[in-house]
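Undergrad: just need the structure, nothing else, for what follows:
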Amino acid sequence: QVQVVETGGGLVQPGGSLRLSCVASNINLNYWAIGWFRQAPEKEREEVSCLVGHDGTITYSDSVKARFTISRDTAQNTVYLQMNNLIPEDTAIYYCAARYSPYGTTCPSWYAMDYRGKGTLVTVSS
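TA: Model (predicted):
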């Protein structure tokens with residue numbers, strides 16, 4: 001059974017860093033697209049970053065570009081989201097989601113994902 005589980009959230013001061021982990025069980029990351037999404041209070045869910053396994057395509061939203069980095073460890077079946085220079089506007093529940101995508105080159109939307117995690121809370125506050 002496929003599962004995606006996020007960890008690594010917490011409270012951090014503005015300017016600080018956090019690294020989120022998404023462990024995807026029972027899949028081969030080379031054939032899956034893994035996306036990080038977030039939802040802040042009273043706001044719509046937005047895609048933050050995505051990594052398409054088979055060709056390594058990576059995307060970032062404009063709001064996190066140059067501050068966040070997505071990466072993967074295929075041996076650990078884990079996708080990371082390194083978040084630097086955090087700002088209060090980054091406060092949200094962060095979700096990881098996966099879609100089987102052996103030929104795709106674009107990142108699926110939240111609703112197109114096959115599996116979704118339950119989220120991890122990131123709070124940026126002084």
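Undergrad: and the pLDDT for the most centrally placed residue in the chain?
TA: The C-alpha lying nearest the average C-alpha coordinate of the chain belongs to residue 36 (CA atoms, centre = their mean; 2.2 Å). You'll see residue 36 listed with a pLDDT of 98.
Undergrad: give the contact list for it.
TA: Contact partners of residue 36, counting by CB atoms under 8 Å, 6 or more residues apart in numbering, are 20, 22, 47-50, 70, 79, 81, 94-96. C-beta: built from backbone N, CA, C; applies to glycine.
Undergrad: rerun that using 7 Å as the cut-off
TA: Applying CB atoms under 7 Å, 6 or more residues apart in numbering, one finds that residue 36 lies in contact with 48-49, 70, 81, 94, 96.
Undergrad: can you check residue 123 too?
TA: Contact analysis of residue 123 by CB under 7 Å, 6+ apart lists 11, 91.
Undergrad: and the pLDDT at it?
TA: Looking at residue 123, its pLDDT is 98.
Undergrad: equivalent analysis for residue 119, please.
TA: For residue 119, the predicted pLDDT is 98.
Undergrad: equivalent analysis for residue 106, please.
TA: According to the prediction, residue 106 has pLDDT 84.
Undergrad: sticking with it, tell me its helix or strand.
TA: Here residue 106, judged by DSSP states H and E, is contained in no helix and no strand.
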